[in-house]
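Engineer: Return atomic coordinates for the entry below.
(one chain, ligands or ions: 1)
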Amino acid sequence: MQMKKKKIAIIGAGISGLALGRLTKDHDVKIFESQSEIGGISKVKTIDGVPFHLTGGHCFNSKNKDVLDFVFKEILPKSEWNEVTRDAKIHLKGKLISYPIENAFREMIFHWPLFGISALFSYLFAKGKKNHQNFDSWLRSSFGNILTETYFLPYNKKIWGLEPKEMSTDWLPGKLPERNLKNFLKSFLGFKEKDMVHSTFYYPNKGEGALIKALSNSLNIELNTKIKKIENIDGKHYLNDEYFDEVIYTGPLNLINQLIDCDASICEEIKKLKYNKITTCFWKAKSNDITWSYHPESDHFFHRHAYIGNFLREKKSNYRITECLGSISKEDLLKQKDDDLYELIDLHYSDYAYVVYDENTRGSVEKIKKFVKSKNIRLLGRFAEWEYYNMDICIQRAMEEADEINS
Ligand SMILES: Cc1cc2nc3c(=O)[nH]c(=O)nc-3n(C[C@H](O)[C@H](O)[C@H](O)COP(=O)(O)OP(=O)(O)OC[C@H]3O[C@@H](n4cnc5c(N)ncnc54)[C@H](O)[C@@H]3O)c2cc1C
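Structural biologist: Numbers count the residues shown, from 1 in each chain. Alright, predicted model coming up:
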């Protein structure tokens, strides 16, 4: 039977909107993007041939074969990608040790025998329970008090701007490695990380911009077009006076009440949603072979350095991207310049970077989503669904929405 062609409006040309556009291309699809460029959070600016990810370093991988097939077979052929071995490090007590920290006990014992052995015993005797009231207790139970207090708590306070005690654990599955005694044992016996799963990722040879460009191929995208209202007249959607059968919103959920009339109770739930902004800097820096490093130190406000030039097939190791919480002035950023960071080339402020989960988040998001669904508007993507989604999950979700739209 022939599929009925629908008129589809997608609000937002980030990874989610673009992927859905490609997956529904047999319909009459229009993508509205408020910015002058596509890409959303995954947007990239190329400087000296090196990609500056305006919202932090990005790499791609997926556990879902359908997502990998879609990306490598329909969007950007695998030959256009570089497969990179992850070599991530943690700055601890003035040394660089391997990530994940629970696989680096040998290094810790070598550098600081007493600390290393105490951390090891604290890890081995941690309870590894399943249910937790908050993120702090999850960390202690998964990794022991010593690693939690030395690394996990200070690092997470920096990235979230919130005490882990005040955070829920709803977002953790699939995001943070769980306690895994098998991996611990392998690493303790001296196996390298490359022998373990998920230790590689993909990066386009020409930078992330190549993925975004390839996704947008043949799509009808209206740039500089901010959708201010979704009108619903007699059960039909109108955007800028144009009728659509389907409307998919990929912008932030906490702005949905600007687009549709929401009940007062929904507006109250929206007010409870917390999220983080970040400042991203692009530096000319000391060369290093690693892929990224985590910084728990409280006197250093960057929480992560991405050695982005090392993601490329033809490495350019002397460039780095740093990320830090909030909107920090250039003057203050330069105060953090150390012997490794030579020159600040560019910087970018991102309004939406991380969803922050506290005890209210899950309940509020469910109520808002239910309300939006009752208006026959689909929500898709990281901030529209208010979930800690990576690009692969955005694509997976786009596939699920496309299946429903196409059926
Ligand atoms: C620091 C950081 C590092 C990350 N690293 C990785 C990584 O290594 N690997 C990975 O896979 N993922 C990573 N991610 C996650 C990834 O960036 C996101 O999952 C993905 O980019 C989200 O895409 P999206 O399309 O859902 O949302 P967005 O990118 O936010 O796109 C939404 C779009 O909608 C537009 N818009 C909003 N409102 C309107 C409106 N009213 N009218 C018109 N347009 C509108 C916006 O301008 C935007 O372009 C990272 C994220 C961050 C913050």
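
Engineer: Would you mind listing what in the stretch 51-200 of the chain touches the ligand?
Structural biologist: Proximity of the stretch 51-200 of the chain to the ligand (Cβ under 6 Å from any ligand atom) is limited to residues 55-56, 58-60. Glycine gets a C-beta too; all of them are placed from N, C-alpha and C.

Engineer: Using JSON lines, please lay out these together with pLDDT, distance to E269 and neighbour count.
Structural biologist: Compiled in JSON lines, these are given as follows (pLDDT from 0 to 100; distance: Cβ to Cβ, whole Å; neighbours: other Cβ atoms under 10 Å):
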{"residue": "T55", "pLDDT": "97", "distance to E269": "26", "neighbour count": "24"}
{"residue": "G56", "pLDDT": "92", "distance to E269": "28", "neighbour count": "23"}
{"residue": "H58", "pLDDT": "92", "distance to E269": "30", "neighbour count": "23"}
{"residue": "C59", "pLDDT": "93", "distance to E269": "34", "neighbour count": "19"}
{"residue": "F60", "pLDDT": "95", "distance to E269": "33", "neighbour count": "21"}
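
Engineer: Which of those lies at the shortest distance from the ligand?
Structural biologist: G56 (2.6 Å; Cβ to the nearest ligand atom).

Engineer: pretty sure the closest one contacts A353?
Structural biologist: Yes. Look at G56 against A353 with Cβ atoms under 8 Å: they come within range, at 7.0 Å.

Engineer: shared neighbours, the two?
Structural biologist: I278 (Cβ atoms under 8 Å, 6 or more residues apart in numbering).

Engineer: what about the nearest residue to S317 once chain neighbours are set aside, which SS state?
Structural biologist: Leaving aside its sequence neighbours, S317 sits nearest to S287 (Cβ to Cβ, 6 or more residues apart in numbering; 4.0 Å). Of the three states, S287 takes coil according to DSSP: H, G, I helix; E, B strand; the rest coil.

Engineer: neighbours of S287, just the number please.
Structural biologist: The tally of other residues near S287 (other Cβ atoms under 10 Å) stands at 14.

Engineer: before we move on, what about the one 10 residues further on?
Structural biologist: For E297, the tally of surrounding residues (other Cβ under 10 Å) stands at 15.

Engineer: and the residue lying closest to it once chain neighbours are set aside, how far is that from Y151?
Structural biologist: Closest residue to E297 apart from its sequence neighbours, by Cβ to Cβ, 6+ apart: H91 at 6.2 Å. For H91, the distance to Y151 (Cβ to Cβ, to the nearest Å) stands at 10 Å.

Engineer: Grab the longest strand from this structure for me.
Structural biologist: Determined from DSSP state E, the single longest strand within the chain is strand 341-356.

Engineer: now the closest residue to V29 other than its chain neighbours: how far from I221?
Structural biologist: Leaving aside its sequence neighbours, V29 sits nearest to I8 (Cβ to Cβ, 6+ apart; 4.6 Å). To I221, I8 is 13 Å away according to Cβ to Cβ.

Engineer: shared neighbours, the two?
Structural biologist: K30.

Engineer: give me the low-pLDDT residue ranges for this protein?
Structural biologist: 1-2, 192-198 (pLDDT under 70).

Engineer: So it: which segments form each domain?
Structural biologist: Annotated domains of the chain cover 7-41+66-74+206-272+359-406, 102-195 [automatic domain parsing].

Engineer: Could you export those as CSV, including mean neighbour count?
Structural biologist: Shown next, in CSV, are the domains of the chain (neighbours: other Cβ atoms under 10 Å):
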stretch, mean neighbour count
domain 7-41+66-74+206-272+359-406, 19
domain 102-195, 17
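
Engineer: tell me what the lengthiest helix in the chain is packed against?
Structural biologist: Of all the elements of type helix in the chain, the one with the most residues (DSSP state H) is helix 391-406. Secondary-structure packing of helix 391-406 (3 or more Cβ pairs under 8 Å, 6 or more residues apart in numbering; DSSP states H and E): helix 15-23, helix 65-69.

Engineer: Run the chain-centre distance for that helix.
Structural biologist: 17 Å (Cα atoms, centre = their mean, to the nearest Å).

Engineer: Pick out the residue in the stretch 101-250 of the chain sitting closest to the ligand.
Structural biologist: Closest point on the stretch 101-250 of the chain to the ligand, by Cβ to the nearest ligand atom, is I227, at 3.9 Å.

Engineer: Contact partners for I10?
Structural biologist: Per Cβ under 8 Å, 6+ apart, neighbours of I10: 17, 20-21, 29-32, 248, 250.

Engineer: now do 6 Å
Structural biologist: Shown in contact with I10 (Cβ atoms under 6 Å, 6 or more residues apart in numbering): 17, 20-21, 31, 248.

Engineer: Just list whatever residues bridge to it.
Structural biologist: I10 has these beta-bridge partners by DSSP bridges: I31, I248.

Engineer: Give me the distance between it and the ligand.
Structural biologist: 9 Å (Cβ to the nearest ligand atom, to the nearest Å).

Engineer: now swap in G21 and tell me
Structural biologist: Distance from G21 to the ligand, by Cβ to the nearest ligand atom: 11 Å.

Engineer: Ramachandran coordinates for the nearest residue to that residue once chain neighbours are set aside?
Structural biologist: The spatial neighbour of G21 that comes closest, neighbours along the chain excluded (Cβ to Cβ, 6+ apart), is L219 at 4.5 Å. With angles defined as degrees, to the nearest 10, L219 sits at phi -90, psi 150.

Engineer: for H58, same thing?
Structural biologist: phi -130, psi 140.

Engineer: Could you pull up the contacting residues of it?
Structural biologist: Here H58 is in contact with 42, 208 (criterion: Cβ under 6 Å, 6+ apart).

Engineer: The same query, at a cut-off of 10 Å, please.
Structural biologist: 15, 41-44, 51, 201, 203, 207-208, 211, 306, 308, 311, 321, 390-391 (Cβ atoms under 10 Å, 6 or more residues apart in numbering).

Engineer: can you list the residues of the stretch 251-400 of the chain near the ligand?
Structural biologist: Checking the stretch 251-400 of the chain against the ligand by Cβ under 6 Å from any ligand atom, the hits are 251, 278, 323, 352-354, 381-383, 389-392, 394.

Engineer: and the two most separated of the residues you listed?
Structural biologist: G251 and E323 (22.0 Å; Cβ to Cβ).

Engineer: those helices in the stretch 101-250 of the chain, which residues are they?
Structural biologist: Along the stretch 101-250 of the chain, counting by DSSP state H, counting those that start in this stretch, helices occupy 105-111, 113-124, 135-147, 153-160, 181-188, 209-216.
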